[in-house]
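Colleague: sequence unknown, structure follows:
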């Protein structure tokens, strides 16, 4: 009972954080006190004041406004990426696992090849060939992560394939497509949602780390990872400029992870952990 | 008529790096005539379940052939022939895991109707309500999820689903194993009533010779992948002649 309650609190905490970030992202122009791109070198590195609650950065831009718009950039980049990953993972993963045989072995091999490359290498290669830009960054993240999603869905599906209800469905005349859509996807969906919700955190981290390395985003975009990168030069004089975006990434990732784990315990009650 | 000719199934094994083969079913010949009830008795590991899968056309045999009304039902590839599904149903051993946990009991029973018949939703509802009454499931139980039912009711749902397309052959793999005595009796009685009402070929696969004696006109005894004896049982135990069959009987009666 206590465990249930604590899970409940965890889910609520996660949800509050997620809602907070989503609302901030949606209403960024209304909340932000200043234009996040407004450069004023005369006002650089200002300490927190009434006008600039978190001070200004190395180019005199309002730090708070940049953080608020950062929520917008982080979510607007990672959520579409995640939807694409989910669709790719569910389609290829369930298809391979349910069809089996040679086709599945080839798919698994391709996934293994992609997984064996560090995601950063794939991203550098994609952006190096196609150039900077939001689409290329998204493409890079999808290329780096699709195999992980597909493998996870594949593993979940393999577990389901061994269960009797799949055999029963075949006895009842279910073809491969019906089996996937009616039986396999609904049965792996709870686990997949959990994976997806923790995946939000990792894709935000990945986009931020690419931005931190100067990959993908045009210069000056107030993405949190990019802000970390720009603030590096003033690491010793103004460490707070690194702490603010860093904390934003941390809190966002934590929010999605908290919610994801609580979701797992609610949606998958049969897998009791001891 | 469901017939198996020289049916053999071997599985590859690998123990300590040595490749070998284990024969689950060896040279089995049976013919199940329409409208009769058969039982296949054997201890666990005797190849009963493999034989059930072979006879249902779910796995290909290593050699031999299975025919239903003269047409081979040996599977080729992933796709299962729709006509075969309509004509032949297999009720799996574990009622709980044989029902899709994400669907209601009603939806589970509707599965073969939606896949195999062009029936509309209204007609389907009438059929399912009739099936539920036949299998003694309440309408309220139909709306629940499978895991909310007791083991006996799950089994009834599986039986109702198997009856949905009015198949010509129904194979029950361990129809009553794992159920407590009273529920076991009520499921056996249900099977008996279905047999009396619906003219179909029944094959009950069981490790329990009691069940076979209660339900079947003809009993096959299986040991180590072979059918060692087949007798038409009419209340006289002396028709069992093989020593193994006599031991099984002896153990059941004492």
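Modeller: Received the coordinates, thanks. Quick caveat, the model's predicted, so the values are computed rather than measured.

Colleague: list of residues touching the lowest-mean-pLDDT helix or strand in chain B?
Modeller: Lowest on mean pLDDT, DSSP states H and E among the helices and strands of chain B sits helix B:243-253, with a mean of 84. By C-beta atoms under 8 Å, 6 or more residues apart in numbering or on different chains, the surrounding residues in contact with helix B:243-253 are B:41, B:208, B:209, B:210, B:213, B:221, B:223, B:228, B:229, B:231, B:237, B:240. Quick note: C-beta positions are derived from backbone N, CA and C, even for glycine.

Colleague: mind giving me JSON lines with those residues and columns for neighbour count?
Modeller: Listed next are these as JSON lines, based on neighbours: other C-beta atoms under 10 Å in any protein chain shown:
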{"residue": "B:41", "neighbour count": "27"}
{"residue": "B:208", "neighbour count": "18"}
{"residue": "B:209", "neighbour count": "21"}
{"residue": "B:210", "neighbour count": "16"}
{"residue": "B:213", "neighbour count": "17"}
{"residue": "B:221", "neighbour count": "24"}
{"residue": "B:223", "neighbour count": "18"}
{"residue": "B:228", "neighbour count": "15"}
{"residue": "B:229", "neighbour count": "19"}
{"residue": "B:231", "neighbour count": "17"}
{"residue": "B:237", "neighbour count": "14"}
{"residue": "B:240", "neighbour count": "20"}
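
Colleague: adding secondary structure, pLDDT and distance to chain A, write those residues out as CSV.
Modeller: Shown next, in CSV, are these (DSSP: H, G, I helix; E, B strand; the rest coil; pLDDT from 0 to 100; distance: C-beta to the nearest C-beta, whole Å):
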residue, secondary structure, pLDDT, distance to chain A
B:41, strand, 91, 22
B:208, coil, 87, 21
B:209, helix, 87, 25
B:210, helix, 87, 25
B:213, helix, 88, 27
B:221, strand, 91, 26
B:223, strand, 89, 26
B:228, strand, 89, 28
B:229, strand, 89, 29
B:231, strand, 88, 29
B:237, helix, 79, 35
B:240, coil, 84, 32
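
Colleague: of the residues you listed, closest to residue A:159?
Modeller: Nearest to residue A:159 out of these is residue B:208 (C-beta to C-beta; 31.2 Å).

Colleague: any idea how far the closest one is from residue B:244?
Modeller: Remark: distance between residue B:208 and residue B:244 (C-beta to C-beta, to the nearest Å) = 15 Å.

Colleague: same check on residue B:123?
Modeller: Residue B:123 is 49 Å from residue B:244, by C-beta to C-beta.

Colleague: rewinding a little: just the closest of the contacts of helix B:243-253 to residue A:47, please.
Modeller: Relative to residue A:47, the closest of those is residue B:208; by C-beta to C-beta it sits at 84.3 Å.

Colleague: what comes up buried for stretch A:40-51?
Modeller: For stretch A:40-51, a neighbour-count test (16 or more other C-beta atoms under 10 Å in any protein chain shown) marks A:43, A:44, A:46 as buried.

Colleague: am I right that the second one is in contact with residue A:55?
Modeller: This points to residue A:44. No - using C-beta atoms under 8 Å, residue A:44 is not in contact with residue A:55, being 9.7 Å away.

Colleague: quick one: stretch A:67-77 to chain centroid distance?
Modeller: 12 Å (C-alpha atoms, centre = their mean, to the nearest Å).

Colleague: in that stretch, what's buried?
Modeller: A:67, A:68, A:69, A:70, A:71, A:72, A:73, A:74, A:75, A:77.

Colleague: kindly report the same for stretch A:100-110.
Modeller: For stretch A:100-110, a neighbour-count test (16+ other C-beta under 10 Å) marks A:104, A:107, A:108 as buried.
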